[in-house]
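In: fold the following, please.
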Amino acid sequence: MDIREFLSVEELPYDLLYEADPSREAVDDYTRRGKCYGAFDSDGLPVGICVLLRTRPFTMELVNLAVRTDFQRRGIGKSLIEYAKHMSRSERCTVLEVGTANAGTGQLAFYQKCGFEIDGIDRDFFRRNYPEPILENGIECRHMVRLRIEL
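Out: Predicted structure coming up:
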């Protein structure tokens, strides 16, 4: 598997980005300001994506991470996390942060298995920032659970 930066927003796999974040406005904003990296299969097709955005001095945030459903559970997400750590260190960052919905039980477990620790909760984040309720695992996504890892 090859991981490399997308050089323009026109080549981004938006279907993947929207799997992780249904807000076109948010995706458009952070893909233009951040750096987007893709995981590509042997045919050169994108099967995973992550977007990094510098939020503060020495801090990078992983604002989007998605892997195609038929490629999940093959280590691609973990490889993208490791790549995000590497790229963050190369930008002289000492902290990598990520946020996920309170209802994203699988994502919460995944990030913690990758070494992230829960750092806080942004209460009612999804109600404030998304016009329609988002349901995941039969639970309303209300709060953003913030996680971080020291690099």
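
In: go through this structure and flag its longest strand.
Out: Taking residue count as the measure and DSSP state E as the definition, the longest strand of the chain comes out as strand 46-56.

In: and the helix or strand that that one is followed by with strand 46-56, angle?
Out: Once strand 46-56 ends, the next helix or strand along the chain (criterion: DSSP states H and E) is strand 59-67. Here strand 59-67 runs at an angle of 160 degrees relative to strand 46-56 (axes from the mean of the first three to the mean of the last three Cα atoms, to 10 degrees).

In: tell me the strands beside strand 59-67, with direction?
Out: When pairing is defined by DSSP bridges, strand 59-67 lines up against strand 46-56 (antiparallel), strand 95-101 (parallel).

In: distance from the longest strand of the chain to the middle of the chain?
Out: In terms of Cα atoms, centre = their mean, to the nearest Å, the centre of strand 46-56 is found 6 Å from the chain centre.

In: show me where the chain has its strands.
Out: 2-5, 35-40, 46-56, 59-67, 95-101, 117-122, 135-136, 139-140, 144-150.

In: pull out the buried positions in the longest strand of the chain.
Out: Applying a neighbour-count criterion of 16 or more other Cβ atoms under 10 Å, the buried positions in strand 46-56 are Pro46, Val47, Gly48, Ile49, Cys50, Val51, Leu52, Leu53. C-betas here are computed from N, CA, C, even on glycine.

In: pLDDT of that strand, averaged?
Out: In this model, strand 46-56 has an average pLDDT of 98.

In: and the contacts of it?
Out: Counting by Cβ atoms under 8 Å, 6 or more residues apart in numbering, strand 46-56 makes contact with 1, 6, 12-13, 16-17, 30-31, 33-41, 60-68, 71, 76-77, 79-81, 83-84, 87-88, 91, 93, 97, all of which sit outside it.

In: which stretch among the strands of the chain is buried most, on average?
Out: Of the strands of the chain, the one with the most neighbours on average (mean count of other Cβ atoms under 10 Å) is strand 59-67, at a mean of 23.
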